[in-house]
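Novice: Mind folding the following:
(chains A, B and C)
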Amino acid sequence: MIELKNVSRRFGDTVAVDGVNLTIETGEVCVLVGSSGCGKSTTLRMINRLLPHSAGEILVDGEDITTMNPEQLRLNMGYVIQGTGLFPHWTVARNIAMVPRLLNWPRERIDARVDELMTLLDLDPSAHANKYPQQLSGGQAQRVGVARALAADPNILLMDEPFGALDAITRENLQLEMLRIQKQVRKTTVFVTHDIDEALKLATRIAVMDQGRIIQHDTPENILRHPASDFVENLIGKQDRGLKLMSLRPVRDLMANHTEPRQSEPGEHVLREEDSIRLALSVMLWQDLRQVAVFNAQGQETGVITRERIIQEGV
Amino acid sequence: MAITETLRPNRVIPVLGVLALALVWLLDLGTIQPNRIVPGTGHGLLSAVGWTGAGLVTGILLATIVLSTLPLRRRYELLLGLIGLSLATMPLLLDMFAALHLPEGSPYARSSVGAGFWSLLFLLSLMLIETLGRLEARRWLQLILLVFIGGSWIVLLRGEGLESLSLVREFNARPDKFQQALWTHLALALGAVAISAGLAFALALKMIRSPAWQRPLLGAVSFLQTIPSLAVFGLLIAPLSALSSALPFLQDLGIRGIGWAPALLALIAYSLLPMVRNTFVALTEVPESLADAARGMGMNEHQVFYQLKLPLALPVMIEGVRITTIQAIGLTAVAALIGAGGFGGFIFQGLGQAAMDLVLLGALPTIALALLADALLTMLAASLKPTPATA
Amino acid sequence: MRVWLPATLLASLLLVLSAGMPVLEPLFNWVQPGKQQVIYERESFLFLLQNHLMLVVVSAAVGTFVAVAGGIFVTRPFGRDFLPLVGQVASIGQTFPPVAVLALAVPVLGFGEAPILLALVLYGLLPILRNTLAGLEGINPAVREAALGMGMSPVQVLVRVELPLAGRVILAGIRTSVTINIATAAIGSTIGARTLGDPVIAGLVNGNTAYVLQGAILIGLLALTTDSLFEALERSWDRRLQSVGV
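Specialist: Next up is the predicted model:
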């Protein structure tokens, strides 16, 4: 668990972060979102003491970080940045193994862990382990960056606009990866982005920041339904809220279940239980259908969802 | 944020200042020699210039230390003035020294500059560089300062009081030889650069038109650069003297195994690498996409070259000229060993006679020429860089 | 292994010639007829070669140490203030002609090997310093940030990340420095150091072209050997790091 109590950061006369109070529960993904210069990156970098805070307290699992050795603190936190920061003179495997080697893990354990992580992040170890970062695509490099951050199994993951430098398609793929991984490993994560859609997609709770202060700290749904100020409303997009809310709810919530799963031929697009109802609506509009069959992970049809129900109860 | 940054106490100048204070008090400011050969007696700061002089020097140094740590807005401008003036008037210290210590009625007695004076000069120059850097001074300001300080020195050195300075004595003993050395040095160095520039241009064009020639040409030219100049001068003597004995009319022109001919040849050879490389890079660095855009709008190849490639290539080529000129000035000094003349002559003569100030008479102008060439050519390159259009 | 071949060949040629110059007496007799002595015999060539090498190697070692240490110092947070000045001095210093620097060392330290060493160290450390600064400053800041953020101590970042990445550029600087120093050391014969420049100077003074040739050939060979040695070193470094362009 991470607690920021009245934390501020000053450079001379400028106040970059102004009296921030934030609690990030264990296992939660907290996304700091705001425009450039709002203080989100600064806040993140105070958590692992890359920047000292000028006032207030930061506690990690109850301990004040200023009483801890900074290197020890950081060895226990994964750190992913934009532009990856992978070491060009080390292979992919060596890059991932960085923190375990600093911690003096036995050789076999390190090798096994590297393999495990590369597989987790969908990178074939036999193909990529001995490559150098310059030989990878942007998306692959950032996957290695994430693997490196997870290598020593830290309790906390810090991510500073990790997907900002990637193209839209790769970014979306990596966001899905993050969601998938988070289901498996459940790390306490602090994620910084300027992209509200990314925040809505990934967060357990979002902290909207502006000019060094937190304007609203709540779940994505609550931020969409009850924005705390004009600023937040503008950020989420005043008019797009309906569909944005729909993208947060799974089809599972509104489908009419069959009494038992059936085997049937899926249509052109397979709609799954965990897909959002926004996606379901999109499919129905495109194919001009009043309802669509829903499938589970095993490929069996478990129910249907109707256009009517989405429109009436979706938001 | 910007305000507090610029008012932070400067850490470099105090360090330099303290070092300067230590060295100027510990080392000899100057020496008095009864004649040219006998080694002289050294004088520390206090002994050399008395309490007034020592107080002045100490006071100025302390002022620079204090001023650099104060959070004043204009402190760097003030420092510039203080340090600039001090540097310009440093020869007056030697004046004081001579006035205090030179024995009367002893025409051969002379004063010489000591390590303390040199250290002070060096450290004040470093402080000047630091101050100019913090002010982000433009090039022309730096040049004006250099001219001012240099000019002041020349004026002061010609004055009555400093006639007894050993360095000045050496100059006064041979003013026409000095002039001749200057012209010879310039002629050789600049001549070599000019000729190699022309050759390099032709070679670069050849390399662009026939890419197969690129590697061998660059290889040949870098090969030459690796060999130390002394060796090249030496290696040219035999063939050239054989040539000149075989063709007597060459001897009438002054082309011999030694002298200016092998020197010029070797200088041209050495100037080729930086010039060819820079010219080639300069002419090829213009991206083809730019050239295509020009062609697409109707320019023919000729126009593309003269209106697009050449103007953009000019700053890089000037940079090549700069490197080459500095190198040539240095090598010309070495060429004095094979009889080419120039300032190197004084250096080696002085070394042979153990007359240090004659060595200085050769070394200092060489350094000054190199620095001057550097300053002028950098300014030229900067002025030729296409300035971004301000909307 | 093949990359070391040119250097080994040249080195062997250099050694053979230094030891066996007298064998070529008839050749030099043809070049310089009418002189009693055509082979320089004041010192053995091997001794001169050894001395020359010693001067260059010692000054390279000291220069590298000072320059790299200085370069590291001014790129650390506590030394940043000195970076602009040091960078400028490294640039301006290279404008000074080496022969002038050599000449200026004499009033300070007299004649012999000491002033040469001083001049070689001072002048030789400038290209290394310049390259160290360029190499360290040229590292992608994200790499340093990631290393620190993941828990490396500043010393570990320097030793395991920054120096390996800057090493290639620093090596190129050392190469430049050594090349210049071989030439400067040769001129050092004029101030009493006994180097391969001795036969050249002696030959110029006495009008003995054979002496000059012998000195010049050996100096040239030394320069070429060192250059191809560094070329091989640079290639091995590249191979170790397998950097595939930036």
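Novice: Stretch C:69-86: end-to-end distance?
Specialist: Distance across stretch C:69-86, first residue to last, is 12 Å (Cα to Cα, to the nearest Å).
Novice: Repeat that for stretch C:127-147.
Specialist: 29 Å.
Novice: Same check on stretch C:107-120?
Specialist: 15 Å.
Novice: Which stretches in the chain count as helices?
Specialist: Using chain A here. Counting by DSSP state H, the segments of chain A that form helices are A:40-47, A:70-75, A:92-96, A:98-102, A:107-120, A:125-128, A:138-150, A:168-185, A:196-202, A:220-225, A:230-236, A:241-248, A:277-287, A:307-313.
Novice: Chain C was what I was after
Specialist: C:5-20, C:25-31, C:45-75, C:83-93, C:98-109, C:113-137, C:141-149, C:154-156, C:163-187, C:197-206, C:209-241.
Novice: Quick check: which of those helices is nearest to chain A?
Specialist: When the helices of chain C are compared by Cβ to the nearest Cβ, helix C:141-149 sits nearest chain A, at 2.7 Å. Yep, even glycine has a C-beta here, placed from its N, CA and C like the rest.
Novice: tell me the contacts of the closest residue in space to residue A:51 that isn't next to it in sequence?
Specialist: Distances taken as Cβ to Cβ, 6 or more residues apart in numbering or on different chains put residue A:45 closest to residue A:51, at 4.5 Å, once the chain neighbours are dropped. Residue A:45 is in contact with A:51, A:160, C:149, counting by Cβ atoms under 8 Å, 6 or more residues apart in numbering or on different chains.
Novice: Need these in CSV (columns: distance to residue B:237 and neighbour count).
Specialist: Converted to CSV, these look like this (distance: Cβ to Cβ, whole Å; neighbours: other Cβ atoms under 10 Å in any protein chain shown):
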residue, distance to residue B:237, neighbour count
A:51, 66, 17
A:160, 67, 22
C:149, 63, 24
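Novice: any idea which of the residues you listed is closest to chain B?
Specialist: Of all those, chain B sits closest to residue A:51, with 14.3 Å by Cβ to the nearest Cβ.
Novice: just to revisit the earlier point, switch the helices of chain A over to a markdown table; also include mean pLDDT.
Specialist: Formatted as a markdown table, the helices of chain A follow (pLDDT from 0 to 100):
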| stretch | mean pLDDT |
| --- | --- |
| helix A:40-47 | 92 |
| helix A:70-75 | 89 |
| helix A:92-96 | 92 |
| helix A:98-102 | 89 |
| helix A:107-120 | 93 |
| helix A:125-128 | 91 |
| helix A:138-150 | 91 |
| helix A:168-185 | 88 |
| helix A:196-202 | 91 |
| helix A:220-225 | 90 |
| helix A:230-236 | 88 |
| helix A:241-248 | 87 |
| helix A:277-287 | 88 |
| helix A:307-313 | 88 |
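Novice: how about a markdown table for those, with distance to residue B:349 added?
Specialist: As requested, these are exported to a markdown table (distance: least, Cβ to Cβ, whole Å):
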| stretch | distance to residue B:349 |
| --- | --- |
| helix A:40-47 | 65 |
| helix A:70-75 | 62 |
| helix A:92-96 | 61 |
| helix A:98-102 | 63 |
| helix A:107-120 | 69 |
| helix A:125-128 | 69 |
| helix A:138-150 | 64 |
| helix A:168-185 | 72 |
| helix A:196-202 | 77 |
| helix A:220-225 | 86 |
| helix A:230-236 | 80 |
| helix A:241-248 | 88 |
| helix A:277-287 | 91 |
| helix A:307-313 | 100 |
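Novice: Give me the distance between the two termini of stretch A:75-89.
Specialist: 21 Å.
Novice: Kindly list the single helix or strand of chain C that scores lowest on mean pLDDT.
Specialist: Within chain C, no helix or strand scores below helix C:25-31, which has a mean of 76 by mean pLDDT, DSSP states H and E.
Novice: Okay, buried residues for that one please.
Specialist: C:28, C:31 (16 or more other Cβ atoms under 10 Å in any protein chain shown).
Novice: Contacts only, for residue 4.
Specialist: No chain in the question, so chain A it is. If you count contacts by Cβ under 8 Å, 6+ apart, then residue A:4 has A:20, A:21, A:22, A:23, A:43, A:46, A:47, A:56, A:57, A:58 around it.
Novice: was after chain C, sorry
Specialist: residue C:232.
Novice: how about low-confidence regions in the stretch 251-391 of chain B?
Specialist: Applying pLDDT under 70 to the stretch 251-391 of chain B flags the ranges B:386-391.
Novice: helices and strands around the least confident helix or strand of chain C, which ones?
Specialist: With contacts taken as 3 or more Cβ pairs under 8 Å, 6 or more residues apart in numbering or on different chains; DSSP states H and E, helix C:25-31 sits against helix C:209-241.
Novice: What distance do you get for residue B:18 to residue B:27?
Specialist: Between residue B:18 and residue B:27 the distance is 15 Å, computed by Cβ to Cβ, to the nearest Å.
Novice: quick one: which of the two has more around it?
Specialist: residue B:27 (17 against 14; other Cβ atoms under 10 Å in any protein chain shown).
Novice: what's the nearest residue to that one if we skip its chain neighbours?
Specialist: Excluding the flanking residues, the one nearest residue B:27 by Cβ to Cβ, 6+ apart is residue B:116, at 3.7 Å.
Novice: Now that neighbour. Its backbone dihedrals?
Specialist: phi -60, psi -40 (degrees, to the nearest 10).
Novice: I'd say it and residue B:23 touch.
Specialist: Yes. Residue B:116 sits in contact with residue B:23 when judged by Cβ atoms under 8 Å, with a separation of 6.3 Å.
Novice: More neighbours: these two, which one.
Specialist: The neighbour comparison of residue B:116 against residue B:23 (other Cβ under 10 Å) goes to residue B:116, with 24 against 17.
Novice: can you pull the contacts of the more buried one?
Specialist: B:23, B:24, B:25, B:26, B:27, B:28, B:29, B:30, B:44, B:45.
Novice: Quick check: the gap between it and residue C:109.
Specialist: As judged by Cβ to Cβ, residue B:116 and residue C:109 stand 16 Å apart.
Novice: show me what contacts residue 84?
Specialist: You didn't pick a chain, so chain A it is. A:133, A:141, A:142, A:144, A:145, C:142, C:146.
Novice: that's the other chain; I wanted chain B
Specialist: B:128, B:145, B:148, B:149.
Novice: next one: residue C:86
Specialist: Counting by Cβ under 8 Å, 6+ apart, residue C:86 makes contact with C:70, C:74, C:129, C:133.
Novice: Now do the contacts for the third one.
Specialist: This means residue C:129. Residue C:129 makes contact with C:67, C:70, C:71, C:86, C:90, C:173, according to Cβ under 8 Å, 6+ apart.
Novice: what about the closest residue to it other than its chain neighbours, how many neighbours?
Specialist: Distances taken as Cβ to Cβ, 6+ apart put residue C:67 closest to residue C:129, at 4.1 Å, once the chain neighbours are dropped. Applying other Cβ under 10 Å, we find 26 residues neighbouring residue C:67.
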